[in-house]
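Asks: The sequence and its predicted three-dimensional model are supplied below.
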Amino acid sequence: MKTDDLINMLSTNAGQAPSRLAEQRLGKAALLGIVAAAMFSVAWLGLIPPALFSEGAPWLKLAYGLAIVMASGLWLNRLGRPAASDREPRVLVLGILLFMLLLAIISFLATPIDLRAHAIQGHSWSSCPWSIMKLSIPALGASIWAMRGLAPTKPRLAGFATGLFAGAAGSIGYALACDETSTPFIAIWYTLGMLGSGVLGALIAPRFYRW
């Protein structure tokens, strides 16, 4: 058999290569992480009163978490491909964080002076970031699995992005049980929870990304 004939036969019988492998793996990780975080959050802390969903705060938390999940997912997609530039999704993540900070500043300045401390601390500031980090653990495991199927060449940075992705998934679950309504609270403590998960990912994930 000629070489060209052999190549044609192998390429014909090999089947179609998986399309959008990164998107598929990261999408599964996000879905699993969000569902797990929501289930554990409601079982552990209980669901917020349904009346709160008529206000903007729960939707802001959910939108913020989902935006970071999507942006950090794009970042991971790029980091999982050796030749791809990660500049655009990195800037997108930073832009979302800064936009949330801007909303918090506007809300803080509009808050009466005697209520500003409560707007920042609420009643759960000391537990909020830790709760988000705990709820992010299922998503962290799932996203490490997703990235192991790709080819990250910057393990530490990919680990941080993995943790941020997981932390955002955890924040979505936590939002279902958190009755804080202040925008500064969300911008500070939710963000710290996500970044804490990012640091955790940077410490843990690189050992799984060596290939």
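Replies: In hand now; what should we look at?

Asks: only C-alpha atoms for contact and neighbour calcs from this point on.
Replies: OK.

Asks: low-confidence ranges in the protein?
Replies: 1-19, 211 (pLDDT under 70).

Asks: Pull the contacting residues for the residue sitting nearest the centre point of the chain.
Replies: Geometric centre of the chain, nearest residue: residue 165, 2.4 Å, by C-alpha atoms, centre = their mean. Neighbouring residues of residue 165 by C-alpha atoms under 8 Å, 6 or more residues apart in numbering: 30, 68, 69, 72, 73, 139, 140, 143, 194, 198.

Asks: what's the helix or strand for the fifth one?
Replies: Pointing back at residue 73 there. helix 57-79 (DSSP states H and E).

Asks: in that helix, what's buried?
Replies: Residues of helix 57-79 classed as buried by neighbour count (16 or more other C-alpha atoms under 10 Å): 57-62, 64-79.

Asks: likewise stretch 41-54?
Replies: 41, 42, 47, 48.

Asks: Restricted to helices, list those.
Replies: The helices, defined by DSSP state H, take in 41, 42 from the buried residues of stretch 41-54.

Asks: what would the buried residues of stretch 41-54 look like in JSON lines with distance to residue 122?
Replies: Below are the buried residues of stretch 41-54 laid out as JSON lines (distance: C-alpha to C-alpha, whole Å):
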{"residue": "41", "distance to residue 122": "19"}
{"residue": "42", "distance to residue 122": "20"}
{"residue": "47", "distance to residue 122": "18"}
{"residue": "48", "distance to residue 122": "15"}
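
Asks: Excluding sequence neighbours, find me the nearest residue to residue 121.
Replies: residue 185 (6.3 Å; C-alpha to C-alpha, 6 or more residues apart in numbering).

Asks: Now the one you found. Its backbone dihedrals?
Replies: In terms of degrees, to the nearest 10, the main-chain angles of residue 185 are phi -60, psi -50.

Asks: give me the number of residues near it?
Replies: 23 (other C-alpha atoms under 10 Å).

Asks: so what's residue 179 up against?
Replies: Counting by C-alpha under 8 Å, 6+ apart, residue 179 has contacts 48, 52, 58.

Asks: and the closest residue in space to the last one that isn't next to it in sequence, what is it in contact with?
Replies: Just to be clear, that refers to residue 58. Closest residue to residue 58 apart from its sequence neighbours, by C-alpha to C-alpha, 6+ apart: residue 175 at 6.4 Å. Neighbour list for residue 175: 58, 61, 62 [criterion: C-alpha under 8 Å, 6+ apart].

Asks: and with 10 Å instead?
Replies: 37-38, 41-42, 47-48, 57-62, 65, 128, 132, 186, 190 (C-alpha atoms under 10 Å, 6 or more residues apart in numbering).

Asks: Likewise for residue 36?
Replies: Per C-alpha under 10 Å, 6+ apart, neighbours of residue 36: 30, 135, 136, 137, 138, 139, 169, 170, 173.

Asks: cool, and residue 116?
Replies: 107, 108, 109, 110, 122, 182, 184.

Asks: let's see it at 7 Å
Replies: residue 108 (C-alpha atoms under 7 Å, 6 or more residues apart in numbering).

Asks: Would you list the phi and psi of it?
Replies: The phi/psi pair for residue 116 (degrees, to the nearest 10) is phi -70, psi -40.

Asks: Check the gap between it and residue 98 for me.
Replies: 20 Å (C-alpha to C-alpha, to the nearest Å).
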